[in-house]
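> generate a structure from the sequence data that follows.
(2 chains)
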Amino acid sequence: MKLYTKYSRVNLVATILVLVAGSICYYFIVRYALLRQLDNTLKVEEAEILDFVKNKGRLPEPANYNDQLIRFKPTEFPVRRRFRSISLYDQTEKEKDPYRTLIFPISVQGQNYEVSVSKSQAEKEDLLVLIVVITTGVVILLLLLQFLANRFLLRKIWHPFYGTLGSLWEFNLTKKQPIPYHPSDIDEFNELDNAVHQMTDKIFQDYETLKSFADNASHEMQTPLAIIISKLDLLIQDQNLEEKHVRQLQAMYDAVGRLSKLNQSLLLLTKIENNQFVHTERIGLSELVDEKLIQLEELVEARKLKLAFDKHETGVQMNSYLADILLNNLLINAIRYNVDKGSIRISLTPNQIKVSNTGLPLAFQPDTIFDRFKKGNYSDGTGLGLAIVKQICDKYNFGLSYHFEEPMHVFTVRF
Amino acid sequence: MKLLIVEDEKILSDSIVSYMRHENFTCETASGFSEAVEKIELFDYDCILLDINLQDGNGLDLLKEIKANNKMDGVLIISARNSLSDKITGLTLGADDYLPKPFHLSELSARVAAIIRRRNFGGSNILRFNELSIDLQAKAVFVNGKLVELTRKEYQLLLYFTYNKGRVVSKNAIAEHLWGDEMGGAANYDFIYTHIKNLRRKLMDSGSEDYIQSVYGMGYKFTAS
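Reported below is the predicted structural model:
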């Protein structure tokens, strides 16, 4: 629920409650006041009648005027003075009208009378109705204003907030685009904007530090690796080596080879991330695949793999070095994780290249296959080959997907 | 032949010196920029191995210095920073080749030999070893003047061996040389065995002696004895 929807909902309920309660109180207070006023008029009338009887020693004429009725009724019983609200039938308007009546006793020459003075309440009732109508009108007007305020004013006020929010959604660490400022005359929004800027600046800074650290660490490792390899190269020149030493030397060679490959792969990933491969050209994929297949021929033969290549003249715009790496890694992957006497199928169409290979089932979740250092237990690779493929595809907005289509592992790159 | 090794990592330059000494090379070392400048001004070298990242200066500046002095020395850049821009800058400034660290000494030796050969013999050159002759221009191999049909990889392999005569070359170094970085860390190098076997057979069938010895299955040695 949007903040202002929530807010207006609460506001709406509160406003209605307060206004209704207020109107009810108002109604009763006004009603009470009007009644008191009416009662006072009736008391004045009573005083006039008592005065008249006292001075003249007889009853005045019963009179009906101005919605005022005065009646005298002889009575045997004692009469209690009291006010009453009654309805009387109006001859002229042919309907019942509300009246306020004061009943009091009077005694004239030994005869007891019950006097009732009535006054119409109709005007006062009309006034009350008017009050209710006005109150309701005010409520409706208020709600309407609130609605319009939400609609136009709030939208305008919240605009910078949504701007900041949108920029946060679009925030991409690797693109290094700073978030634009969204100036506002609301302090909270400005504060938010500043906080977001401070945060993203810090993130960019940390990211750069981390990246240059990884970069430097990888570079610094090259020289020690070169030393180890050179010493191994010298060691195997020794004529007095024994068979058992040689086996250990071979293990060291292999390990240091893997280490240096790993290091190179990490450096490559960093370089792609840093956009160090700017130059692009049109790459003929068909020719490149052919070239790669010649290069990898011995590997394919060594495992006795069956190779099928569905050719199509396809050109993509990309960096030639990265194109080479992309195909190389896909093909090496298809060879390395194949089974002996298995097969590889490459199919190239104008929009995609598909590399399929037979192989053991995956030992991990298929959706993590492009993650760094993800590899099966039986793998001796660096675990970075497909991560590099992914990084290259991401750079050029190519779609990269993997699925298992019995009995083939299928990798598809869509251009 | 005279070599100058400009490398601030002493252990590494020692390794290079011990490896290169085998092949009629006189090696001198310089551990820093100023020392290198001094030596370059005083002597002529057939090839200078130049590390870009020196403690007291940039190897590329040294390269500019060499070229400004109209020195004919061949230059091989060795760098821990395998960056395309460094490579391009280096080659544009007149370096002959660029070798990123880490490298096998046999690879270094082959590159140095290739540079010296190009500089000393100009375009056409024939490499001779007893009854073998390799035409580098035509990429053809002859035994006693008779052409031997070799595949591209077999030719490269033979050339690599002749550049590392008398020394053991590891299978790892051979795989990297023939198949590049991409092959590094391959599970086994059995396919190399097949290649070597084919090369030996072809050479011997053409009347050559068997010069390629296997060393404990971990490497090979090309030697006359």
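
> how many residues are close by residue B:192?
Residue B:192 sits with 22 neighbouring residues when counted by other Cβ atoms under 10 Å in any protein chain shown. In short, each C-beta sits where N, CA and C put it, glycine included.

> mind listing what's buried in whatever helix or strand it lives in?
Element membership of residue B:192, judged by DSSP states H and E, is helix B:190-205. Residues B:191-192, B:195-196, B:199-200, B:202-203 are the ones in helix B:190-205 that count as buried (16 or more other Cβ atoms under 10 Å in any protein chain shown).

> so what are the sheet partners of whichever helix or strand comes after that helix and their directions?
Per DSSP H and E, the first helix or strand lying C-terminal to helix B:190-205 is strand B:212-215. The strands that strand B:212-215 pairs with in its sheet are strand B:219-222 (antiparallel) (by DSSP bridges).

> how far out from the middle of the chain is the strand it pairs with?
15 Å (Cα atoms, centre = their mean, to the nearest Å).

> now do stretch A:105-116
Taking Cα atoms, centre = their mean, one finds the center of stretch A:105-116 at 83 Å from the center of the full chain.

> need the contact partners of it.
Here stretch A:105-116 makes contact (Cβ atoms under 8 Å, 6 or more residues apart in numbering or on different chains) with A:46, A:49-50, A:53, A:57-59, A:69-81, A:101-104.

> tell me which helix or strand residue A:410 sits in.
Per DSSP H and E: strand A:408-414 holds residue A:410.

> now do the buried residues in that strand.
Those would be A:408-409, A:411-413, for strand A:408-414 by 16+ other Cβ under 10 Å.

> okay, now the closest residue to chain B within the stretch 301-415 of chain A: neighbour count?
Distance from chain B to each residue of the stretch 301-415 of chain A (Cβ to the nearest Cβ) is smallest for residue A:302, at 4.0 Å. Neighbour count for residue A:302, taken as other Cβ under 10 Å: 19.

> tell me the helix or strand right after the longest strand seen in chain A.
Ranked by number of residues, the top strand in chain A under DSSP state E is strand A:95-108. As assigned by DSSP H and E, the chain's next helix or strand after strand A:95-108 is strand A:111-120.

> what pairs with that following strand, parallel or antiparallel?
Short version: by DSSP bridges, strand A:111-120 pairs with strand A:68-74 (antiparallel), strand A:95-108 (antiparallel).

> ok, which of the ones you listed comes nearest residue B:174?
Residue B:174 sits nearest to strand A:95-108 of all these, at 117.6 Å, using Cβ to Cβ.

> for the nearest residue to residue A:127 once chain neighbours are set aside, give me its contacts.
Nearest residue to residue A:127 in three dimensions, chain neighbours excluded: residue A:34, at 6.8 Å (Cβ to Cβ, 6 or more residues apart in numbering or on different chains). Contacts for residue A:34 (Cβ under 8 Å, 6+ apart) come out as A:124, A:127-128.

> what sits against residue 179?
Using chain A here. Shown in contact with residue A:179 (Cβ under 8 Å, 6+ apart): A:164, A:167-168, A:171, A:196-197, A:200.

> that answer is for a different chain, and I need it for chain B
So residue B:179 contacts A:295-296, A:298-299 (Cβ under 8 Å, 6+ apart).

> same question for residue B:2.
Residue B:2 touches B:25-28, B:43-46, counting by Cβ under 8 Å, 6+ apart.

> unless I'm mixing things up, residue A:337 is touching residue A:358, no?
No - counting by Cβ atoms under 8 Å, residue A:337 sits too far from residue A:358 to count as a contact (9.3 Å).

> what touches both of these two?
residue A:409.

> just the angle between whichever strand or helix holds residue A:46 and strand A:95-108, please?
For residue A:46, the host element (DSSP H and E) is helix A:3-56. Orientation note: helix A:3-56 sits at an angle of 40 degrees relative to strand A:95-108 (axes from the mean of the first three to the mean of the last three Cα atoms, to 10 degrees).

> among the buried residues of helix B:190-205, which are in reach of chain A?
Filtering these for neighbours of chain A using Cβ under 8 Å from any Cβ of the partner chain leaves B:191, B:195.

> any idea how far the spatially most central residue of chain B lies from residue B:158?
For chain B, the residue nearest the mean C-alpha position is residue B:110 (1.8 Å; Cα atoms, centre = their mean). To residue B:158, residue B:110 is 12 Å away according to Cβ to Cβ, to the nearest Å.

> one more: residue A:394?
Plainly put, residue A:394 is 43 Å away from residue B:158 if you go by Cβ to Cβ.

> which residues sit against the helix holding residue B:192?
Against helix B:190-205 from outside (Cβ under 8 Å, 6+ apart): A:298-299, A:301-302, B:132, B:141, B:143, B:148-151, B:153-154, B:157-158, B:171, B:174-175, B:178, B:210-212, B:214, B:220.
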